[in-house]
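> generate coordinates for the sequence data below:
(one chain, ligands or ions: 1)
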Amino acid sequence: MSDYKVHFDLNVLPAEDIFEPPAPLLAGAHVRGLPNYYELYKESINNPDRFWKTVASQLYFETDSDRGLEYNFDHRKGDVFIRFMSGARSNIAYNCLERNIAKGLGSKVALKWEGNEPADSSQVTYQELLDKVVAFSAVLRSKGVRKGDTVAIYLPMIIELPVAMLACARIGTIHTVVFAGFSSDSLATRILQAKAKVLVTADGCFRGNKPIHLKMLADQAVGICLNEGHRMDSVIVLEHLKRVTVPAKAKVPEVLINKDLDVFWDQAVDSVRGVESPVEWNEAEDPLFILYTSGSTGAPKGIVHTTIGYMVYTYLTTKLSFDAQPDDIYWCTADCGWITGHSYVTYGPLLNGMTVVIHEGVPTYPDPSRMWEMVEKYKVTKLYTAPTAVRALMAFSKDLVTKHDRSSLKIIGTVGEPINPSAWKWLYHVVGEDKCAVVDTYWQTETGGHVIVPLPGATPTKPGAATLPFLGVEPALVDHRGAALEGPGEGNLCMARAWPGMMRTVYGDHSRFVKTFFSSFPGYYFTGDGARRDDDSYYWITGRVDDLMNVSGHLLSTAEIESALVLHPDVVEAAVVAAPHDIKGQFPYAFVSLVNGKSLTDTLIAQLKATVREKIGALAMPDIIQEAPGLPKTRSGKITRRILRKIAEGDKGADLGDTTTLIDQSVIVQLWSTRPAVK
Ligand code: WTA
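Coordinates of the predicted model:
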């Protein structure tokens, strides 16, 4: 096994652009100083099995195993697979709850929930959370749910969301959480693909002033599924609206009840009172959850994570990236509908026995000081958020931040997209008052946990760099011929070896898994991102190199938006590209060719946006739709997106590269002349 070389002379940036770990963190940090990181890193690469065994020994296993990481990344040598601790049996919910309670954390607060309205809040201790999880797992069992079945969860960010996830995990049931901002069509697709027979949802909720008709959307989704011949056994409905404050001016969503399928959460829990619901000891590679993420072609991919590798990896990454300590109040602003809410709201922090704050609302409601108000109110020590939220809040006066006490803060993490140095520095100077570590965590739904990340007590940071690999992770920058670069340079970001927490397959489509992630550069896992490595071996993520775009930290597929647009009878063809946006990072910019005689009226634009919202969700709605009588295409019929991207960017002076392969070069002139003014 290679001895991975890392150079540690931080000599690239001017001294003022390197931020040493803050002194107060150093004293008690789990990993202290760069040499300590390097030592651990070397061990994790040179003796991975010994290294991961030591980590695993901090968790509970019903049955242990001598096996470590086993994998094949090279499809030319056989099937691609990843396994960790084969033969072992454990349970991640047990490790989050009973194991911590046995260590004396029963009366420690596990979750603190704050609602959409600041007046609404509640909390549960580890013992209370366990009681809720056991009861809800009994409800699921009473509905016929068994180990290996799939349950779909479509809930707002409330305590019952982690409860439902943990209840599934307790009984070996695979959960698939669907973000409550997704449309009924998206929900239906996921229920069908994941073959879920039980859906857990709520009557509704509010996002800021906006009512979200969750039950109505869930009903529509169930209707679609039934029409497709899918069997639904039950829909468990949480009555959430009755316990929240209704925002001024908002209307309460109406709720219809379907007597054949629907059961109320509270009544179902009452009916199983006293029923025992023992822990299922799951095999290492039993699936824990499926989480759908955009694919660069066609339908979303159901990323599958399994039990033990994911558990060990989210445990360690949370412990080290956020330097988890017993007195932490940890707040991750992500929703459990995304991987961040799986790994770093639910599993990682609870495995570490942390007190976790969750927020149902948005950071700008009722006003843009909400985030700092909550930091003060809960005395948050570790805050984990997204660059898009930071950019949105930076636009307001500094006073909104500084009027709130943030002295509790120690670490501020970001995730979702590359963080621009000015947002990084704003977090460091304005929010953290030069006293906090800012950790830019690079990872993906597929990686399960952080893969490139500074450790707050060890890694000097550079604004905009995700810095160094996590323990056990070996990144490689690979050129278009598949050769790994040595030393500094830029290339396709790949991983040269497996780590316990990475995905195992795409649900129901293993060949898509192999094709998407392992065929571009045989022998490597390909992330789909580009990256640069500097003279200090620090990684700087440059963004997606495939047809995915990153809007407010959420990946969207251009192909999926195009498919939604062409559903409209007036649209012949559509091409969607990413255009830069100050706050969202990127936004979808759509070019549409219309059927003869039709023109792009405001009504048609509104209809097209509505179609995208209905098929995918509001996040995917193009901000700009431009009529394109013709699209630039090569002679083989391929749309040249790089040209459309330049038009969307409004970069008229840009070098369009070689345009001689286009069938009709005049379309470029025409698209420039009809480009709508961008606000
Ligand atoms: C992007 C989110 C730069 C990247 C956890 C990746 C980032 C995709 C960062 C995964 C970061 C995430 N710096 N880019 N710190 N974090 N990304 O699956 O393009 O929703 O491939 O997982 O987000 O998005 P996903």
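
> make it CA atoms for all contacts and neighbour counts henceforth
OK.

> is it true that residue 185 lies in a helix?
Yes: counting by DSSP: H, G, I helix; E, B strand; the rest coil, residue 185 is found in a helix.

> and the residue of the stretch 251-400 of the chain nearest the ligand?
Proximity of the stretch 251-400 of the chain to the ligand (Cα to the nearest ligand atom) peaks at residue 340, 5.5 Å away.

> hmm, that residue is touching residue 334, no?
Yes: here residue 340 reaches residue 334: they are 6.1 Å apart, a contact under Cα atoms under 8 Å.

> which neighbours do those two have in common?
Common neighbours of residue 340 and residue 334 (criterion: Cα atoms under 8 Å, 6 or more residues apart in numbering): none identified.

> those two - which one has more neighbours?
Neighbours per residue (other Cα atoms under 10 Å) separate residue 340 from residue 334, with residue 340 holding more: 26 against 22.

> next, the more buried one: phi, psi?
Backbone torsions of residue 340, given as degrees, to the nearest 10, read phi -60, psi -40.

> got it, and residue 195?
phi 60, psi 40.

> for the ligand, what are the nearby residues on the stretch 351-500 of the chain?
Within the stretch 351-500 of the chain, the positions adjacent to the ligand are 415-418, 440-445, 466 by Cα under 6 Å from any ligand atom.

> can I get the CA coordinates of the biggest helix by length in the chain in PDB?
Longest helix of the chain, by residue count under DSSP state H: helix 126-142. Taking Å, rounded to 0.1, in the frame of the first residue of the first chain, the C-alpha atoms of helix 126-142 are listed here in PDB:
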ATOM      1  CA  TYR A 126     -32.400  10.800  24.700                       C
ATOM      2  CA  GLN A 127     -34.800   8.700  26.700                       C
ATOM      3  CA  GLU A 128     -37.900  10.400  25.400                       C
ATOM      4  CA  LEU A 129     -36.500  10.100  21.800                       C
ATOM      5  CA  LEU A 130     -36.000   6.300  22.400                       C
ATOM      6  CA  ASP A 131     -39.600   6.000  23.700                       C
ATOM      7  CA  LYS A 132     -40.900   7.700  20.600                       C
ATOM      8  CA  VAL A 133     -38.800   5.700  18.300                       C
ATOM      9  CA  VAL A 134     -39.800   2.400  19.900                       C
ATOM     10  CA  ALA A 135     -43.500   3.300  19.800                       C
ATOM     11  CA  PHE A 136     -43.300   4.400  16.100                       C
ATOM     12  CA  SER A 137     -41.400   1.300  15.200                       C
ATOM     13  CA  ALA A 138     -44.300  -0.700  16.800                       C
ATOM     14  CA  VAL A 139     -46.700   1.300  14.700                       C
ATOM     15  CA  LEU A 140     -44.800   0.500  11.500                       C
ATOM     16  CA  ARG A 141     -44.700  -3.200  12.500                       C
ATOM     17  CA  SER A 142     -48.500  -3.100  13.100                       C
END
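
> and that helix, what does it pack onto?
Secondary-structure packing of helix 126-142 (3 or more Cα pairs under 8 Å, 6 or more residues apart in numbering; DSSP states H and E): strand 109-114, helix 160-170, helix 265-271.

> residues contacting the nearest residue to residue 105 once chain neighbours are set aside?
Leaving aside its chain neighbours, residue 105 sits nearest to residue 126 (6.5 Å; criterion: Cα to Cα, 6 or more residues apart in numbering). Applying Cα under 8 Å, 6+ apart, one finds that residue 126 lies in contact with 97, 100-101, 105-110.

> reformat those as JSON lines; add neighbour count.
Shown next, in JSON lines, are the contacts of residue 126 (neighbours: other Cα atoms under 10 Å):
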{"residue": "97", "neighbour count": "25"}
{"residue": "100", "neighbour count": "21"}
{"residue": "101", "neighbour count": "19"}
{"residue": "105", "neighbour count": "19"}
{"residue": "106", "neighbour count": "20"}
{"residue": "107", "neighbour count": "12"}
{"residue": "108", "neighbour count": "17"}
{"residue": "109", "neighbour count": "20"}
{"residue": "110", "neighbour count": "26"}
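
> dump the residues you listed to CSV, plus pLDDT.
Output for the contacts of residue 126, formatted as CSV (pLDDT from 0 to 100):
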residue, pLDDT
97, 99
100, 98
101, 98
105, 98
106, 98
107, 98
108, 98
109, 98
110, 98
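
> rewinding a little: tell me which of the helices and strands packed on helix 126-142 sits most buried.
Most buried of these, by mean neighbour count (mean count of other Cα atoms under 10 Å): helix 160-170, with a mean of 26.

> show me the helices in the stretch 1-150 of the chain, by range?
Assigned by DSSP state H, counting those that start in this stretch, the stretch 1-150 of the chain shows helices spanning 23-28, 34-46, 48-56, 92-96, 98-100, 126-142.

> using CSV, write down the CA coordinates of stretch 34-43.
The C-alpha trace of stretch 34-43 is given here as CSV (Å, rounded to 0.1, in the frame of the first residue of the first chain):
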residue,chain,number,x,y,z
LEU,A,34,-1.4,19.2,11.6
PRO,A,35,1.3,16.6,12.6
ASN,A,36,-1.4,14.7,14.6
TYR,A,37,-3.7,14.7,11.6
TYR,A,38,-0.9,13.5,9.3
GLU,A,39,0.0,10.7,11.7
LEU,A,40,-3.7,9.5,11.8
TYR,A,41,-4.0,10.0,8.1
LYS,A,42,-1.0,7.8,7.4
GLU,A,43,-2.3,5.1,9.7
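
> for it, give me every contacting residue.
Where contact means Cα under 8 Å, 6+ apart, the residues beyond stretch 34-43 that reach it are 3-4, 31, 51, 458-460, 470-472.

> list the buried residues of that stretch.
Buried residues in stretch 34-43, counted by 16 or more other Cα atoms under 10 Å: 34, 37-38, 40-43.

> now do it, average pLDDT.
Mean per-residue pLDDT for stretch 34-43: 97.

> so how far is it from its chain's centroid?
Centroid separation for stretch 34-43 versus its chain: 28 Å, with Cα atoms, centre = their mean, to the nearest Å.

> cool, stretch 551-561 as well?
With Cα atoms, centre = their mean, you get 13 Å for stretch 551-561.

> is the ligand contacted by it?
Yes: under the criterion of Cα under 6 Å from any ligand atom, the ligand is reached by stretch 551-561 at 554-555.

> and stretch 235-255, average pLDDT?
Regarding stretch 235-255, the rounded mean pLDDT is 94.

> I meant stretch 347-364, not that one.
97.

> between the two ends of it, how far is it?
Length of stretch 347-364, first residue to last, Cα to Cα, to the nearest Å: 27 Å.

> helices of the stretch 551-679 of the chain, residue ranges please.
For the stretch 551-679 of the chain, the helices defined by DSSP H, counting those that start in this stretch occupy 558-565, 602-615, 641-649, 666-673.

> who are the packing partners of the last one?
Contact partners of helix 666-673 among helices and strands, from 3+ Cα pairs under 8 Å, 6+ apart: helix 641-649.

> who are the packing partners of the helix it packs on?
Counting contacts by 3+ Cα pairs under 8 Å, 6+ apart, helix 641-649 packs against strand 571-581, helix 666-673.

> cutoff 6 Å now
Judged by 3 or more Cα pairs under 6 Å, 6 or more residues apart in numbering; DSSP states H and E, the packing partners of helix 641-649 are strand 571-581.

> who's in contact with the strand it packs on?
549, 558, 562, 586-595, 645, 648-649 (Cα atoms under 6 Å, 6 or more residues apart in numbering).
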